[in-house]
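Enquirer: can't give you the sequence, but here's the structure:
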């Protein structure tokens, strides 16, 4: 098992790109390159920490408004929420995502066939996965992966896929009874 682990590490190390290696190293040792690969995550933590309990107010965040936080509209949008709306606003956003995922799981449970159940369960997993990855990378719990926060991050393709997925879930939920 140890030899297989070492062999896979060598294979992965040969096939990984330099920017991916830098992101992973910035995750493991953020103090090694604070102005390089770890800059985004450090600024995200500063933004979230400076928000406090109630935040600085909408459009009043210094990290986001003054340009210290790169990719603030896509990958690090949760840091902007944490800075401008504070802990209360961040908890509110997380509560809304919990409500969304629980409603998708309810739609899966009420689906009239196995296919509808599997589609809704997969989309609930997708929303939950995107939420965990985005929030985790803003809090330096996970390495930066470039995953948007559905329905919050700026981006056309993410919004289109999210709304398309919600439309499919709505269709499965609307056909939950056999007599319809």
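Expert: Good, I have the coordinates. What you are looking at is a predicted structure, and each value in this text was computed from that prediction instead of being measured.

Enquirer: quickly find the element holding the residue nearest to the spatial centre of the chain.
Expert: Geometric centre of the chain, nearest residue: residue 134, 2.3 Å, by C-alpha atoms, centre = their mean. In this assignment (DSSP states H and E), residue 134 forms part of helix 114-138.

Enquirer: how much space between the residue nearest to the centre of the chain and residue 149?
Expert: Here residue 134 is placed at a distance of 4 Å from residue 149 (C-beta to C-beta, to the nearest Å). (Glycine included, C-beta is placed from N, CA and C.)

Enquirer: shared neighbours of those two, anything?
Expert: Common contact partners of residue 134 and residue 149 (C-beta atoms under 8 Å, 6 or more residues apart in numbering): 77-78.

Enquirer: low-confidence ranges, the protein, go.
Expert: For the chain, the stretches flagged by pLDDT under 70 are 178-180.

Enquirer: repeat the analysis, applying 50 as the threshold.
Expert: 180 (pLDDT under 50).

Enquirer: how about the helices in it?
Expert: Applying DSSP state H to the chain gives helices spanning 2-15, 18-28, 39-51, 62-65, 77-110, 114-138, 156-174.

Enquirer: is it possible to get a markdown table of these that adds distance to residue 145?
Expert: Formatted as a markdown table, these follow (distance: least, C-beta to C-beta, whole Å):
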| stretch | distance to residue 145 |
| --- | --- |
| helix 2-15 | 16 |
| helix 18-28 | 8 |
| helix 39-51 | 11 |
| helix 62-65 | 20 |
| helix 77-110 | 13 |
| helix 114-138 | 5 |
| helix 156-174 | 13 |
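
Enquirer: quick one: which of those helices is nearest residue 71?
Expert: helix 39-51 (6.5 Å; C-beta to C-beta).

Enquirer: contact partners of the closest one?
Expert: 26-27, 30, 34, 56, 61-64, 68-71, 75-76, 78-80, 82-87, 89-90, 137-140, 144.

Enquirer: buried only: go through these for me.
Expert: 26-27, 30, 56, 61, 63-64, 68-69, 71, 75-76, 78-80, 82-86, 89-90, 137-138, 140, 144 (16 or more other C-beta atoms under 10 Å).

Enquirer: phi, psi of residue 61?
Expert: Main-chain dihedrals, residue 61, degrees, to the nearest 10: phi -70, psi 130.

Enquirer: who's in contact with it?
Expert: Counting by C-beta under 8 Å, 6+ apart, residue 61 has contacts 47, 50-51, 55, 80, 83-84.

Enquirer: now do it against residue 50, distance only.
Expert: For residue 61, the distance to residue 50 - C-beta to C-beta - is 8 Å.

Enquirer: repeat for residue 168
Expert: Taking C-beta to C-beta, one finds residue 168 at 39 Å from residue 50.
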